[in-house]
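Asks: Got a predicted structure plus its sequence, pasted below:
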Amino acid sequence: MRILHIHPSMLSGGIEAMICATASEMARQGHDVTFCSIYQPKPDDIFWYQLSDAVHKETLGKQCTGFSLKEVFAVYRFIKRGHFDIVQLHGFFYYFFLAVLFLPRQKFFYTLHSDARMESFKWDVRFFWLKKLMFRLGRVRAITISPASQQSFSELYGCKSALCQNGIPMPVVSEASNAVDESRLTPQTKVFLHPGRITEAKNQLVLVKVFDRLIREGHDVVLLIAGKEEDDAILQQISPYFSDRIRFLGLRTDVPSLMAKADGMCLPSVWEGLPVTLLECLAVGCIPICSPVGGIVNVVADGRNGLLSKSSGEEDYYRAMLKFLQLSSTEIIRLKQECIASFQPYRISKTVEKYLAEYSR
C-alpha cells in the first residue's frame, strides 16, 4: 500500500511523536510510506530525524509562518503527482482544502489528535462548515484516538469516526545518571516529571503553584518540567516559581529515561487527546498523576494504575498530589506494576493494525 502522511512540521510534541511511530511502523511492515513536511525541517524538529530510514522524507520547504496560497497549490500538486493509495492528514489545516475538493478519487483520512472542540484554531475555524460537510459526505474519513475523542467528534460533527487508539513503540531507556538523579536533594526526595510543551493546554501555572504550596508545607519534593518553550507568556508566569525544587529543563529527547527514574509523572492538563507521554509513562512503570480530561480517563483508572484529580483546578490537583505522597511503599510498587501491565494494549503494532484495517475498507 502506498501511504502518505502529511503535516506542517515535525516539532517535538505528541502528534509528531505519533506520526513518527505510525509511519515508521507501517514502513517496517512493508508498505511504501512517505512523510511530507510542509515547512522546511529545522534542527529541533526531532521527530523528522527519528523517522525510520524506510520512510521516504519530503518537504515543500515553506519558510515563513502565516497564510500562503502558494503552499495550498503545492500540497495539491504533491498529492496529485504522488498517486498515493492513502493520504493521511494529521490536522485539518487550510493547506489541504484544495486537494480534498479537487482530487475526488483520492482517499483521504484525518486523525483527530485532541478533543474535537479544541483542535480548530485561526484559519481552521473559518472553514469549519466545509470540514463538517466533508466528514458527513465521507469525502474525508475521520479517525479518533480514544473513546473520549471519538465522542467529542460525534457530538461536534454529527457523524461517526473510526477508533484507532494511540500506541507507541516500547521506549528505549538509558540507565545512565540523568537529571532525575541529580535533582534528589536528600535520599528521601521524591522527584516528579512534567513532560509537555509550555502551552495553555498543559496547565503549567496550576502545576507550579501546587508544587510551591507542597514545598512551603515542608514536603521533600522536586518538580522537573521538560518541554519546548512554545508560549512565552506562560513561561513568564511560571518562571518566578523556578528554584532548586522546581526546575525547567527545556526541550529534552530523553523523556522516557527521565520518567523511568522519576517517582511520578504530572499531567494536570485542561484538555488532551491521548497523550503519548502518558503511554510512555505506563511503559516504563512511572506512576501518572493526571487530570480527568480527554483520553486520559480511558487509560488511567484512579487508584489502579495511577491517580486522577477531580478536575484541572489547583485545589483538586493539590489533593491528588497529597494522596500520592501518602501512599505506602507497597502501594507504590503495586501501582508501578499495574502501569506496566496496562500498557500492553497501546503498542504501536496494534495501532497500525487498526489503521490498515480502516484503509482497506
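Replies: Done, it's in. Numbering: from 1, shown residues only.

Asks: from here on, contacts and neighbour counts on C-alpha atoms
Replies: Will do.

Asks: OK, contacts around Gly264?
Replies: Shown in contact with Gly264 (C-alpha atoms under 8 Å, 6 or more residues apart in numbering): 191-193, 286-289.

Asks: how about the residues you listed in a markdown table, adding pLDDT, neighbour count and distance to Glu358?
Replies: Listed next are the contacts of Gly264 as a markdown table, based on pLDDT from 0 to 100; neighbours: other C-alpha atoms under 10 Å; distance: C-alpha to C-alpha, whole Å:
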| residue | pLDDT | neighbour count | distance to Glu358 |
| --- | --- | --- | --- |
| Val191 | 98 | 25 | 42 |
| Phe192 | 98 | 27 | 39 |
| Leu193 | 98 | 24 | 36 |
| Cys286 | 97 | 31 | 33 |
| Ile287 | 98 | 30 | 33 |
| Pro288 | 98 | 31 | 31 |
| Ile289 | 98 | 26 | 33 |
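
Asks: Turn the residues you listed into JSON lines, including distance to Glu119 and secondary structure.
Replies: Output for these, formatted as JSON lines (distance: C-alpha to C-alpha, whole Å; DSSP: H, G, I helix; E, B strand; the rest coil):
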{"residue": "Val191", "distance to Glu119": "32", "secondary structure": "strand"}
{"residue": "Phe192", "distance to Glu119": "29", "secondary structure": "strand"}
{"residue": "Leu193", "distance to Glu119": "26", "secondary structure": "strand"}
{"residue": "Cys286", "distance to Glu119": "28", "secondary structure": "coil"}
{"residue": "Ile287", "distance to Glu119": "28", "secondary structure": "strand"}
{"residue": "Pro288", "distance to Glu119": "24", "secondary structure": "strand"}
{"residue": "Ile289", "distance to Glu119": "24", "secondary structure": "strand"}
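
Asks: Please, which helix or strand holds Trp225?
Replies: Actually, residue 225 is Ile. It isn't Trp. Assigned by DSSP states H and E, Ile225 falls within strand 221-226.

Asks: So for that strand, what gets flagged as buried?
Replies: Within strand 221-226, the residues that count as buried by 16 or more other C-alpha atoms under 10 Å are 221-226.

Asks: which ones are touching Met26?
Replies: 33, 352.

Asks: for the record, mean pLDDT for the host helix or strand of it?
Replies: Counting by DSSP H and E, the element that carries Met26 is helix 14-28. Confidence for helix 14-28, expressed as mean pLDDT, is 95.

Asks: for the nearest residue to Glu358 once chain neighbours are set aside, which residues make a bridge with it?
Replies: Excluding its sequence neighbours, the residue lying closest to Glu358 (C-alpha to C-alpha, 6 or more residues apart in numbering) is Ala162, at 7.5 Å. Beta-bridge partners for Ala162, by DSSP bridges, are Ile143.

Asks: Show the pLDDT at Leu69.
Replies: pLDDT for Leu69: 86.

Asks: Going toward the C-terminus from the strand holding Ile225, what's the next helix or strand?
Replies: That would be, after strand 221-226 and using DSSP H and E, helix 232-238.

Asks: coming back round to it: show me the contact partners of the strand holding Ile225.
Replies: 180, 183-184, 189-197, 211, 214-215, 244-252, 255.

Asks: Buried ones only from these, please, as a ChimeraX command.
Replies: A single ChimeraX command selects the buried members of the contacts of strand 221-226 (16+ other C-alpha under 10 Å):
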select :180,183,184,190,191,192,193,194,195,196,197,211,214,245,246,247,248,251,252,255
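
Asks: still on that earlier bit, which of the buried residues of strand 221-226 sits closest to Leu205?
Replies: Closest approach to Leu205 among these (C-alpha to C-alpha): Ile225, at 11.5 Å.

Asks: beta partners for the closest one?
Replies: Beta-bridge partners, per DSSP bridges, of Ile225: His194, Phe248.

Asks: could you pull out the helices for the stretch 101-250 of the chain?
Replies: Under the criterion DSSP state H, counting those that start in this stretch, the stretch 101-250 of the chain contains helices at 123-126, 128-137, 147-157, 179-183, 204-216, 232-238.

Asks: okay but Met1 is in contact with Asp32, surely?
Replies: Yes. With contact defined as C-alpha atoms under 8 Å, Met1 and Asp32 form a contacting pair (6.0 Å).

Asks: what about these two, which has more around it?
Replies: The neighbour count for Met1 versus Asp32, taken as other C-alpha atoms under 10 Å, is higher for Asp32 (18 against 15).

Asks: Next, the contact list for the more buried one, please.
Replies: 1-3, 55.

Asks: What residues are bridge-paired with it?
Replies: Per DSSP bridges, the residues bridged to Asp32 are Arg2.
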